[in-house]
Every structure is written in structure tokens, then in C-alpha cells.
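In: got a predicted structure plus its sequence, pasted below:
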Amino acid sequence: MNYKLVKTVRVLLCLARRCKMKEQKEDDDLINEKITEIYCDIENEKEQKLVNLLVKIIVSITLKELYEKGD
């Protein structure tokens, strides 16, 4: 058996594993970045809905007070 060839194949396999691990880490980073982006979008949407609800409540109370004063 050609030991030099076996050693070269082992080195190449090791390099391939490292490369794959690096690619996996980059993929994981992209996934985590996307998850964070989506989470922020959801939180912003929740905040906007809360603000809209508060505005509706304030407007409703104000209109009710004005209606009662008008009577």
C-alpha cells in the first residue's frame, strides 16, 4: 500500500471536513440572522398593533365624552 497516498487522502479528507464545518457555521449564521430579523419584524408588528389599539381606545373614550357633553 502506498502510505504517501493514504496520508495525502487523510489530509484531503481532514481539509474537506474543516471546509464543511466552516460552510455549516456560515449556514447557521445566516439562519440565525434570518431568525433574528423575523423575530424583530414580529415584535415591531406587535408593538404597532398595541399602539393602534391604544389609539382606538383613546379616540373612543374621547368621542364618548364629547357625545355625553353634547347631551
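Out: Received, thanks.

In: could you use CA atoms for every contact and neighbour count after this?
Out: Noted.

In: phi, psi of L50?
Out: Main-chain torsions, L50, degrees, to the nearest 10: phi -60, psi -40.

In: let me see the contact set for it.
Out: By C-alpha atoms under 8 Å, 6 or more residues apart in numbering, the contact set of L50 is empty.

In: distance of it relative to V11?
Out: Note on L50: its distance to V11, by C-alpha to C-alpha, to the nearest Å, is 58 Å.

In: cool, I42 as well?
Out: Counting by C-alpha to C-alpha, the gap from I42 to V11 is 46 Å.

In: now stretch 43-62: buried residues?
Out: For stretch 43-62, the neighbour count (16 or more other C-alpha atoms under 10 Å) marks no residue as buried.

In: tally of neighbours for L5?
Out: Neighbour count for L5, taken as other C-alpha atoms under 10 Å: 10.

In: over to the one 5 residues further on?
Out: As a burial measure, R10 scores 12 neighbours (other C-alpha under 10 Å).
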